[in-house]
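**Q** Task: produce atomic coordinates for the following.
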Amino acid sequence: MRKARLTIPLRVFLAFALMLTVSALVSVASFVQHQRTAATLSLVHEGYLPLSLTVNEARATQSVFGNLLDRVLSERDWSATRLWLSAARKARPVNLEHALAGIAHIEDLAPPAADRAGLAKARRELRGVVTMLARGEVRYQELYGALDANDKDAAERILADLRARERAFDGRLRAVWATVLGRIEETSARAAVEQQHALGVL
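**A** Reported below is the predicted structural model:
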């Protein structure tokens, strides 16, 4: 007894259906991979790069503080330096709040677990800086009072304390900066791997 053979039209139909199925599977896989890569790149462009600029601005402000504090006692009229210090003191909390908002925005982009751990560390450091700044504000008022009273001994003691505080602030900001740069490098590398994977799938 002969086996039933597929007719030519049926074979053509099955081959066409198979081709369409494979094509659909490749399209779906490519779309999913593309979405994954796009999400990874958005972490860099929409999240980490703006955050790095904000943290870098905060670090630049720290450098200004160091230079201003170094020359306070050597100036006859320190009113201009006082104005710069006051302006920088007002700008610094704003920069830190922007950085904290930047971390929250990155978390809204649903990063992987490794990113979340790094972001949590950066947030702790920034909140520690905010707390230290609030506690150190009274020392600037004491410095202004000592300089207005021409009490150089008291001013030197207060300046020594302020310099130590500013170094501590800078250390924390450096830690945040290093964390952000590390996440940028790792996320960029992950995006490159995903792109290669997408080519392999195709």
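
**Q** Could you pull out the helices in this structure for me?
**A** If DSSP state H is used as the criterion, the helices of the chain fall at 8-42, 49-71, 79-108, 113-148, 152-201.

**Q** The last one packs against which elements?
**A** Right, helix 152-201. Counting contacts by 3 or more Cβ pairs under 8 Å, 6 or more residues apart in numbering; DSSP states H and E, helix 152-201 is packed against helix 8-42, helix 49-71, helix 113-148. Just so you know, the C-beta spots here come from the backbone N, C-alpha and C atoms, and that holds for glycine as well.

**Q** Then the shortest one?
**A** Using 3+ Cβ pairs under 8 Å, 6+ apart as the contact criterion, the elements in contact with helix 49-71 are helix 79-108, helix 152-201.

**Q** Among those, single out whichever gets nearest to residue 13.
**A** Residue 13 lies closest, by Cβ to Cβ, to one member of these: helix 152-201, at 27.4 Å.

**Q** Let me see the mean pLDDT of that closest one.
**A** The average pLDDT within helix 152-201 is 86.

**Q** now do stretch 72-85
**A** Mean predicted confidence for stretch 72-85 is 81.

**Q** Ends of that stretch, what's the gap?
**A** Across stretch 72-85, the terminal residues are separated by 10 Å (Cα to Cα, to the nearest Å).

**Q** What residues sit buried inside it?
**A** For stretch 72-85, burial by neighbour count (16 or more other Cβ atoms under 10 Å) applies to 72, 78, 81, 82, 85.

**Q** With distance to residue 113 added, can I get the residues you listed in TSV?
**A** Formatted as TSV, these follow (distance: Cβ to Cβ, whole Å):
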residue	distance to residue 113
72	47
78	50
81	47
82	47
85	42
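
**Q** Of those, which is the nearest to residue 161?
**A** residue 72 (13.2 Å).
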